[in-house]
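J.: Predicted structure and sequence below. I'll ask about it afterward.
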Amino acid sequence: MKKISYKRIYQSQKYFSLLGKIKSRALFGGYSLAVNDAVFAMVSEGELYLRMCEESATYQAQHSPPLLTLRKRGCSQQLKYFHVGERLWSDEPVLLQLGKFSLEDALREKKQQKSLRIKDLPNLSFHMELLLSEAGIKDAQMLQHLGAEMAWIRLRKIRKQLSINVLYSLEGAIMGVHSAALPAQRRQELQEWALAHVKTEGVRP
């Protein structure tokens, strides 16, 4: 599978060469593609996924490409990256434009978050910033890329007693709202996911 992924990385670097020098590194069980440390695409199991953004919303609405899904310990989480199928690969101008949109969005976010610390996000304290750092989550951008579920899993590896309220706080921080303002449906989804995740741990979330 690595060989297939490396081939796709090389192909992607060639297609998007006009965007700048593209570097790849292992991330989340796959490989990230970045220009100036701004991740705009992922390669997983030999397939390319572009970062979702407002500019590519029309394409996504018309074609409904599947999202990148991470699986860990029986749990799955969708990341905000959409699949590039063979039809899109054959349309180089459109693919390049979508890649440009993704990169521009990643660069904007990087610029906005450059000075934003985790403790500056809603719900998160300096103590939580330290815990997240201990779990390998060093900044707000990484927290957003991981998502609340994966961040919570990492935190529980070092602090098993952390409750589901921490999961709500992380989700709120990523969404930019107080945890109490999370939509009821999203809270229910997180609760069901957390209960399923810790079912075999013997510890209530």
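T.: The structure has been received and is ready for your questions.
J.: and Pro66, how many neighbours?
T.: By other Cβ atoms under 10 Å, the residues close to Pro66 number 12. Just so you know, the C-beta spots here come from the backbone N, C-alpha and C atoms, and that holds for glycine as well.
J.: which stretches of the protein have low pLDDT?
T.: For the chain, applying pLDDT under 70 flags the ranges 1, 72-76, 113-115, 200-205.
J.: Which residue ranges of it form helices?
T.: 2-15, 57-63, 86-89, 92-113, 126-134, 140-158, 164-175, 184-197 (DSSP state H).
J.: Could you pull out the buried residues of the first one?
T.: Taking 16 or more other Cβ atoms under 10 Å as the neighbour-count basis, helix 2-15 is seen to contain the buried residues Ser5, Arg8, Ile9, Ser12, Tyr15.
J.: what two of the residues you listed have the greatest distance between them?
T.: For the buried residues of helix 2-15, the farthest-apart pair by Cβ to Cβ is Ser5 and Tyr15; their separation is 15.4 Å.
J.: Which residue, other than its chain neighbours, is closest to the most centrally placed residue in the chain?
T.: Centroid check for the chain by Cα atoms, centre = their mean gives His145 as the closest residue, at 3.0 Å. In this structure, His145 finds its nearest non-sequential neighbour in Val39, 7.1 Å apart by Cβ to Cβ, 6 or more residues apart in numbering.
J.: if I pick that neighbour, what's in contact with it?
T.: Counting by Cβ atoms under 8 Å, 6 or more residues apart in numbering, Val39 touches Leu27, Ser32, Leu33, Arg51, Ala106, His145.
J.: want to throw these into CSV with distance to Gln112?
T.: Shown next, in CSV, are those (distance: Cβ to Cβ, whole Å):
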residue, distance to Gln112
Leu27, 21
Ser32, 19
Leu33, 21
Arg51, 15
Ala106, 11
His145, 14
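J.: partners of the lengthiest strand in the chain, with directions?
T.: Criterion DSSP state E: the longest strand present in the chain is strand 75-83. Strand 75-83 has the following strand partners under DSSP bridges: strand 47-51 (antiparallel), strand 67-72 (antiparallel).
J.: Now do the buried residues in the first one.
T.: Applying a neighbour-count criterion of 16+ other Cβ under 10 Å, the buried positions in strand 47-51 are Glu47, Leu48, Tyr49, Leu50, Arg51.
J.: which one is the second one nearest to, not counting chain neighbours?
T.: Going back to what we said before, that points to Leu48. Residue nearest to Leu48 in three dimensions, not counting chain neighbours: Val84, with 4.3 Å by Cβ to Cβ, 6+ apart.
J.: and the one you found, how many neighbours?
T.: Neighbour count of Val84, defined by other Cβ under 10 Å: 21.
J.: Kindly report the same for Arg117.
T.: Using other Cβ under 10 Å, Arg117 has 13 other residues around it.
J.: related to what we said a few turns ago, ok, of the contacts of Val39, which one's closest to Leu88?
T.: Checking the contacts of Val39 against Leu88 with Cβ to Cβ, the nearest one is Arg51 at 14.5 Å.
J.: can you tell me how far the nearest residue to that closest one once chain neighbours are set aside sits from Ala194?
T.: Nearest non-adjacent residue to Arg51, counting by Cβ to Cβ, 6+ apart: Ser102, 4.0 Å away. Distance of Ser102 to Ala194, computed by Cβ to Cβ, to the nearest Å: 31 Å.
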